[in-house]
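# model this:
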Amino acid sequence: MNVEYYVYILCNKRNNVLYVGMTDNLCRRVLEHKLKVRQCFTSKYNVDKLVYFEEFDNFASASNREKQLKAGPRSKKVKLINTMNPDWHDFFEEKCAGAEN
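Below you'll find the model as predicted:
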C-alpha cells in the first residue's frame, strides 16, 4: 500500500485529553503540534503525544475514518489506543526519527 494519508490520535501527558486529526505528512503535522505552531485546541490543552495512527492510500478513506473517529465516543478511541499502544507510548520518535519533513 502506498501511504499518502494518516488519521491520528494525540493526547496530553496525563492521557486525559484526546484529539483526532488527519494529514498527508504525519511527522510534520505532529511536530507542528509539539511546537504549538498554530493556536488551536491542541496547543491550548498541550495535546502533542502521538498515541495512535492509521495509514491510508487515498484522501476519501482517510477523511471518512477521521469523521468516524471524531463522531464516536471517547471509550472507542481509548479502546483503539489500548489495542495498538497499551502503554500510551509516544510514537513520534520511532515513527519520525530521521524523517524528512
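
# what about residue 48, neighbour count?
21 (other CB atoms under 10 Å). Every C-beta, even on glycine, is put in place using the N, C-alpha and C of the backbone.

# and what of residue 40?
Counted with other CB under 10 Å, residue 40 comes out at 13.

# Could you check how far it is from residue 70?
As for residue 40, its distance to residue 70 is 15 Å (criterion: CB to CB, to the nearest Å).

# Same check on residue 85?
From residue 85 to residue 70 the distance is 19 Å (CB to CB).

# neighbour count winner among the two?
Neighbours per residue (other CB under 10 Å) separate residue 85 from residue 70, with residue 85 holding more: 16 against 13.

# For the more buried one, which non-adjacent residue is closest in space?
The spatial neighbour of residue 85 that comes closest, neighbours along the chain excluded (CB to CB, 6 or more residues apart in numbering), is residue 51 at 5.3 Å.

# Can you check my assumption that that neighbour lies in a helix?
No - counting by DSSP: H, G, I helix; E, B strand; the rest coil, one finds residue 51 to be strand, located in no helix.

# Contacts only, for it.
Counting by CB atoms under 8 Å, 6 or more residues apart in numbering, residue 51 touches 9-11, 15, 81, 85, 88-91.

# Between all of these, which two are separated the most?
Pairwise distances among these were taken by CB to CB; the largest, 13.9 Å, belongs to 15 and 91.

# Tell me which of these two has more neighbours.
Higher neighbour count among residue 15 and residue 91: residue 91, with 17 against 12, using other CB under 10 Å.

# and for stretch 21-41, what are the contacting residues?
4-8, 10, 19, 42-43, 47-48, 50, 53, 62-63, 65-66, 92, 95-96, 99, 101.

# and that stretch, average pLDDT?
Average pLDDT, stretch 21-41: 94.
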